[in-house]
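# Any chance you could fold what I've pasted below:
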Amino acid sequence: MENKNFLAAKFGIEVEFTGITRRQAAEVAARYLGGTITETRDSYGTCKVTAPDGRVWKFVYDGSIYTQKRVNGEKVSAGREYSVELVSPILTYEKDMATLQELIRKLRKAGAFSERLNRTGVHIHLNGTDHTPRSLRNFINIIYSRNDLLYESLEIEPTRMRYCKKMDQDLVERMNRKKPTTFKQIEDIWYEGYSDSRARHYHESRYHFINLHSFFNGCGTVELRGFNASRLHAGKIRTYITLALAMNYQALTQKSASSKKPQVENPKFAMRTWLNRIGFIGEEFKNCREHLIKHLRGSAAWRFQRAA
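Sure thing, here's the model as predicted:
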């Protein structure tokens, strides 16, 4: 029987899109969830949908989104009300994944899409409560050691690299050389070299695949930013969440994680074997595996090219 402990952690998700307004998106969510809408006059133009269980789903403005809408089948520029970021409440895989996927499908059917420059992203916030200095260092090493494989697998476009940089080699080397044992030590290493205040919400350090600014000066979460909105594909969004939960569990449970980048002769095979190792086993995760190896070079079955 497969070990599914890695799916237990709580998470939240942010999904960026355009094509419909925040109000229209909120109306779709309210109809599906059976909730009520509240609009606020804040700078984010927030529309809140309160579901019957009391949880709040938000649709907020994001200035990084190139806003568009469809007119006679063509995509044209649109106003700021078409900048939409879905911010979920706290979710769990077992109870909420089906609901989240269906909501994504309904938003897409209503006209939502990822914008033409492919800068729209998906950000996953993982519960930081169980993390320790050791596990945060593990997480950084896990992401760094597979930087190239992840970016190729997830098709992270150059246009999104401004908001989703690869892990800095200098940061990783400092982290492993100093071997921090407290959160304060981890925090000091994370912010080293930046001139702006650590308390600034949009701190420059946050724009990496893994963001610890949200852990130290945000909501106490570990944020993963390395995912495209992928045409609002519900299956891909499930895949991203599953991958995030699996890497999170690996960071939490391993005694240590190496920052050394493995030799990769065959990216597709390397990804498949790594996914199996971190829990992507069985029919349930077949589609997830397929999404993550689809765009990689090589063979999933053979590490080396077969002899003729």
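# So what does Q68 have for phi and psi?
Main-chain dihedrals, Q68, degrees, to the nearest 10: phi -140, psi 170.
# isn't it right up against A112?
No - with contact defined as Cβ atoms under 8 Å, Q68 does not reach A112; the gap is 10.7 Å. Heads up, the C-betas are built off the backbone N, CA and C, glycines and all.
# Would you mind stating the distance between K4 and I237?
Relative to I237, K4 is positioned 19 Å away (Cβ to Cβ, to the nearest Å).
# Same drill for the two, tell me which one is more crowded.
I237 (22 against 16; other Cβ atoms under 10 Å).
# Just to be sure, that one is in a helix?
Yes - checked against DSSP: H, G, I helix; E, B strand; the rest coil, I237 lies within a helix.
# wouldn't it be in contact with S230 here?
Yes - using Cβ under 8 Å, I237 is in contact with S230, at 7.2 Å.
# what residues are shared contacts of those two?
V122 (Cβ atoms under 8 Å, 6 or more residues apart in numbering).
# so what's L171 up against?
L171 touches I140, I189, W190, E192, counting by Cβ under 8 Å, 6+ apart.
# tell me which residues in the helix or strand where it lies are buried?
L171 belongs to helix 169-178 when assigned by DSSP states H and E. By 16 or more other Cβ atoms under 10 Å, the buried positions in helix 169-178 come out as L171, V172, R174, M175, N176.
# how near is the second one to K260?
From V172 across to K260, the span is 10 Å (Cβ to Cβ).
# Please apply the same query to the first one.
Here the criterion is Cβ to Cβ. By it, L171 lies 16 Å from K260.
# out of everything not next to it in sequence, what's closest to Y191?
Leaving aside its chain neighbours, Y191 sits nearest to R198 (5.4 Å; criterion: Cβ to Cβ, 6 or more residues apart in numbering).
# So the one you found lies in a helix, does it not?
No - secondary structure of R198 (three-state DSSP): coil, not part of a helix.
# Now do the contacts for it.
Residues near R198 by Cβ under 8 Å, 6+ apart: E187, Y191, H213, F216, N217.
# Export only the CA atoms of stretch 93-107, formatted as PDB.
Extracted in PDB, the C-alpha atoms of stretch 93-107 (Å, rounded to 0.1, in the frame of the first residue of the first chain):
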ATOM      1  CA  TYR A  93      -5.700  17.500  -0.300                       C
ATOM      2  CA  GLU A  94      -8.200  14.900   0.800                       C
ATOM      3  CA  LYS A  95     -11.200  17.200   1.500                       C
ATOM      4  CA  ASP A  96     -10.700  20.000  -0.900                       C
ATOM      5  CA  MET A  97      -8.800  19.000  -4.000                       C
ATOM      6  CA  ALA A  98     -12.000  18.000  -6.000                       C
ATOM      7  CA  THR A  99     -13.700  21.300  -5.000                       C
ATOM      8  CA  LEU A 100     -10.600  23.300  -6.100                       C
ATOM      9  CA  GLN A 101     -10.300  21.500  -9.400                       C
ATOM     10  CA  GLU A 102     -14.000  21.900 -10.200                       C
ATOM     11  CA  LEU A 103     -13.800  25.600  -9.400                       C
ATOM     12  CA  ILE A 104     -10.900  26.100 -11.700                       C
ATOM     13  CA  ARG A 105     -12.900  24.300 -14.500                       C
ATOM     14  CA  LYS A 106     -15.900  26.600 -13.900                       C
ATOM     15  CA  LEU A 107     -13.800  29.700 -14.000                       C
END
